[in-house]
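Q: Sequence and predicted model, in that order:
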Amino acid sequence: MKGQLFVISAPSGAGKTTIVEALRRRYQDLAYSISHTTRLPRKGEMDGKDYHFVSRDVFEKMIEEGHFLEWAEVYGNLYGTSFSTLEEKLASGSDILLDLDTQGGKNIRSRFPNSVLIFLLPPSLEILENRLRKRATDSEEVIGRRMREAVCDIRNCTWYDYLIINDDLEAAIRETVAVILSERCRGAQASRCSKTLPSDPLID
């Protein structure tokens, strides 16, 4: 049985990284596909754990050689998902979690029509901007660009399968967990549900 592909997207500052980390802790059997990127590591990020950090020259060579299932340029940096790694994990029956922008999400949906796409929304644009400023890692120019991208993403996220508002982090995590559990209980995925239910603290 092939595995299920889950994609999580969100504007920068919507809490995607925190929720993805929570899912990885809760679901040890949920494989996480590590993307390649040309951007510099942020504080605390590790090569091979958070991303595969490579130079632009290396990334462009990988594009030419057909290594990526999908790739996109976001805020001047390149991001890509390795085709071979993804196919191998799915073929082995592993469920996979992808952390992608909306452009990457569209590419995945076109290639994997049965993939499950989740979009995380901030409670408001004002709160999103406050979160970006509290990070104190971006210039005014970058914050402005991220906000413009956020508006565009939010206006065009209605084609995602699930929309979750991250107003309360724990509630957003529970709702995302509920999505994964419910998808695992559908049709051919039902065998995973029986394994997940006994140990999954979905209901506190």
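A: Received it, and whenever you're ready, just let me know what you need. Residues are numbered from 1 along each chain as shown.
Q: C-alpha from now on. contacts and neighbour counts both.
A: OK.
Q: Now do the strands in this structure.
A: According to DSSP state E, the chain carries its strands in the segments 5-9, 30-32, 36-37, 52-53, 68-74, 77-82, 95-99, 116-121, 162-165.
Q: Show me the contact partners of stretch 88-97.
A: 1-8, 29-33, 86 (Cα atoms under 8 Å, 6 or more residues apart in numbering).
Q: tell me the two of the residues you listed that are most distant?
A: M1 and I8 (22.7 Å; Cα to Cα).
Q: Which one of these two is surrounded by more residues?
A: I8 (23 against 10; other Cα atoms under 10 Å).
Q: where does that one land on pLDDT?
A: We note a pLDDT of 95 for I8 in this prediction.
Q: pretty sure it is touching I118, no?
A: Yes - if you go by Cα atoms under 8 Å, I8 and I118 touch, sitting 4.8 Å apart.
Q: How many neighbouring residues does L23 have?
A: For L23, the neighbour count with other Cα under 10 Å is 19.
Q: sorry, that was for N166
A: By other Cα under 10 Å, neighbour count at N166 equals 20.
Q: What separation do you get for it and E126?
A: 14 Å (Cα to Cα, to the nearest Å).
Q: repeat for E140
A: E140 sits 15 Å away from E126, going by Cα to Cα.
Q: The spatially closest residue to I180 that is not a sequence neighbour: neighbour count?
A: Nearest residue to I180 in three dimensions, chain neighbours excluded: F6, at 8.0 Å (Cα to Cα, 6 or more residues apart in numbering). F6 has 23 neighbouring residues, counting by other Cα under 10 Å.
Q: can you tell me which residues contact F6?
A: Counting by Cα under 8 Å, 6+ apart, F6 touches D95, I96, L97, L98, S115, V116, L117, I118, I180.
Q: which residues does the second one form a beta bridge with?
A: I96 has the following beta-bridge partners by DSSP bridges: L5, A31.
Q: Could you count how many residues lie near it?
A: With other Cα under 10 Å as criterion, I96 counts 19.
Q: thinking again about what came up before, and the strands of the chain as JSON lines, adding distance to A22?
A: Output for those, formatted as JSON lines (distance: least, Cα to Cα, whole Å):
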{"stretch": "strand 5-9", "distance to A22": "13"}
{"stretch": "strand 30-32", "distance to A22": "12"}
{"stretch": "strand 36-37", "distance to A22": "21"}
{"stretch": "strand 52-53", "distance to A22": "21"}
{"stretch": "strand 68-74", "distance to A22": "24"}
{"stretch": "strand 77-82", "distance to A22": "21"}
{"stretch": "strand 95-99", "distance to A22": "12"}
{"stretch": "strand 116-121", "distance to A22": "14"}
{"stretch": "strand 162-165", "distance to A22": "15"}
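Q: Right, I'll leave it there.
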